[in-house]
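**Q** here is my input; please provide its structure:
(chains A and B)
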Amino acid sequence: AQTVTQSQPEMSVQEAETVTLSCTYDTSESDYYLFWYKQPPSRQMILVIRQEAYKQQNATENRFSVNFQKAAKSFSLKISDSQLGDAAMYFCAYRRGGGKLIFGQGTELSVKP
Amino acid sequence: DVKVTQSSRYLVKRTGEKVFLECVQDMDHENMFWYRQDPGLGLRLIYFSYDVKMKEKGDIPEGYSVSREKKERFSLILESASTNQTSMYLCASSHPGAGGDTQYFGPGTRLTVL
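**A** Take a look at the predicted model:
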């Protein structure tokens, strides 16, 4: 069975600095999708970035980028130039069959001014 | 933009009550999902549906049922609420094959069972 692990329950970053959130997963599949979702306090969960496993190039969305290491089954999220609005719970997710997602435990990111 | 709405942001119920959580999406998505979110556990899938009147159990279906009579609406039912069902409930929808089946989430319902 597939699993997703986020080993950092909490992280903190200084405004304008860079932070990396870790995620590892386990699967025997070769073709899959990975996602990072952001859940701001008391607000809706939104998609930050997604990665298709067959693509070697790491996905990038503005200040957000991933380091996808397929052999190591690692999918970390890098946030550059951190802003106060980046403070949120971040979830890593793996897409399994039928469009269902398996989520990690979440990492709560705080941004210090 | 996809919009997923849930009927209540906060709900307080008594043990043994029947509870209905409603979810509506406006993008004609085939797939709809119900999750519960608990600290340290992330999101866990309760039920999902690929089409009207279709439903399949997720990872933690015990104590829950669902209904999907219309494509845009997916209801989660707690037949007899218990205190261990106190949680945040999130609804999501997706279109098959679109962007890896990217899911769009509602704002969540925080349910407290006393």
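
**Q** ok, B:Val24 - how many residues close by?
**A** By the criterion of other Cβ atoms under 10 Å in any protein chain shown, B:Val24 has 18 neighbours. In short, each C-beta sits where N, CA and C put it, glycine included.

**Q** which strand or helix spans it?
**A** strand B:19-25 (DSSP states H and E).

**Q** likewise A:Ser76?
**A** A:Ser76 is part of strand A:74-79, with elements assigned from DSSP H and E.

**Q** hmm, who's touching that strand?
**A** A:13, A:18-25, A:34, A:36, A:48-49, A:51, A:63-69, A:86, A:90, A:92, A:109 (Cβ atoms under 8 Å, 6 or more residues apart in numbering or on different chains).

**Q** before we move on, what about stretch B:39-58?
**A** A:4, A:6, A:9, A:91, A:98, A:100-101, A:103-106, B:30-38, B:59-61, B:64-71, B:74, B:76, B:90, B:96.

**Q** nearest the geometric middle of the chain, what residue?
**A** Chain wasn't specified; assuming chain A. The centroid of chain A falls nearest to A:Trp36 when counting by Cα atoms, centre = their mean (3.4 Å).

**Q** hmm, no, I was thinking of chain B.
**A** Geometric middle of chain B (Cα atoms, centre = their mean) lands on B:Trp34, at 2.7 Å.

**Q** got a list of what that residue touches?
**A** B:21, B:23, B:45-48, B:58, B:64, B:66, B:74, B:76, B:89-91.

**Q** which one among these gets closest to A:Lys73?
**A** B:Leu45 (21.1 Å; Cβ to Cβ).

**Q** quick one: A:Ile46 from chain B, how far?
**A** 7 Å (Cβ to the nearest Cβ, to the nearest Å).

**Q** ok, that residue - contacts?
**A** A:37-39, B:105.

**Q** for A:Lys70, same thing?
**A** Residues near A:Lys70 by Cβ under 8 Å, 6+ apart: A:Ala53.

**Q** now do the same end-to-end measure for stretch A:60-73.
**A** 18 Å (Cα to Cα, to the nearest Å).

**Q** dump the contacts of B:Trp34 to CSV, plus distance to B:Thr83.
**A** Below are the contacts of B:Trp34 laid out as CSV (distance: Cβ to Cβ, whole Å):
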residue, distance to B:Thr83
B:Leu21, 17
B:Cys23, 23
B:Leu45, 22
B:Ile46, 17
B:Tyr47, 21
B:Phe48, 25
B:Gly58, 21
B:Tyr64, 15
B:Val66, 21
B:Phe74, 25
B:Leu76, 17
B:Tyr89, 15
B:Leu90, 20
B:Cys91, 22
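
**Q** before we move on, back to that, so which of the contacts of stretch B:39-58 are in strands?
**A** A:4, A:91, A:101, A:103, B:31-38, B:64-70, B:74, B:76, B:90 (DSSP state E).

**Q** returning to that earlier point: between the contacts of A:Ile46, which has the most around it?
**A** A:Tyr37 (25 neighbours).
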